[in-house]
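Q: Sequence first, predicted coordinates after that:
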Amino acid sequence: MSHPRLIERLSPGQVAVITAIDRGGLDPSTAQRLHELGFDEGVDVELLHRAPFGGDPMAVRVGNMVVALRCSMARLIEVELIASAAAAECQAAAAE
């Protein structure tokens, strides 16, 4: 298993699985909206790209949807890289 990280720390193209969401850091309606958009523990996510000039918001694939996610919300979502993505990252680091 890879080390946990925040979704905002993913690089574009990395695929991860949501391991935890700090719902206490959200108001109830925002927490419900994240749930409705598919952000739940065990769901695969992929960072597609970030906006220029600071990267806020970022485009994230959740299931079959693409969602714009603010960095402030992304800081509340913990993920782990999927094994194949983590292995590719390790191989790239070793090649440098």
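A: Thanks, I have it. Residues are numbered from 1 along each chain as shown.
Q: Lowest mean pLDDT among the helices and strands, pick that one out for this structure.
A: Taking mean pLDDT, DSSP states H and E as the measure, the chain has helix 83-95 as its least confident helix or strand, at a mean of 55.
Q: any low-confidence regions in this structure?
A: For the chain, applying pLDDT under 70 flags the ranges 1-3, 83-96.
Q: Please enumerate the strands of it.
A: Counting by DSSP state E, the chain has strands at residues 5-6, 15-21, 44-50, 58-62, 65-69, 77-81.
Q: Can you tell me what sits against the first one?
A: The set of residues external to strand 5-6 that reach it, using Cβ atoms under 8 Å, 6 or more residues apart in numbering, is 16, 74-75, 77-81. Quick note: C-beta positions are derived from backbone N, CA and C, even for glycine.
Q: Among those, name the buried ones.
A: 16, 74, 77-81 (16 or more other Cβ atoms under 10 Å).
Q: Please dump these into TSV; it should also carry distance to L48 for every row.
A: Output for those, formatted as TSV (distance: Cβ to Cβ, whole Å):
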residue	distance to L48
A16	13
A74	13
I77	15
E78	19
V79	14
E80	19
L81	16
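Q: Could you identify the most distant pair in the contacts of strand 5-6?
A: Greatest spatial distance among the contacts of strand 5-6 (Cβ to Cβ): R75 and L81, at 17.6 Å.
Q: quick one: the residue positioned nearest the centre of the chain and P52, what's the gap?
A: The centre of the chain sits closest to I7, judged by Cα atoms, centre = their mean, with a distance of 3.1 Å. Distance from I7 to P52, counting by Cβ to Cβ, to the nearest Å: 19 Å.
Q: Dump the contacts of strand 5-6 into TSV; add distance to F39 as well.
A: Putting these into TSV (distance: Cβ to Cβ, whole Å) gives the following:
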residue	distance to F39
A16	12
A74	10
R75	13
I77	6
E78	11
V79	10
E80	15
L81	17
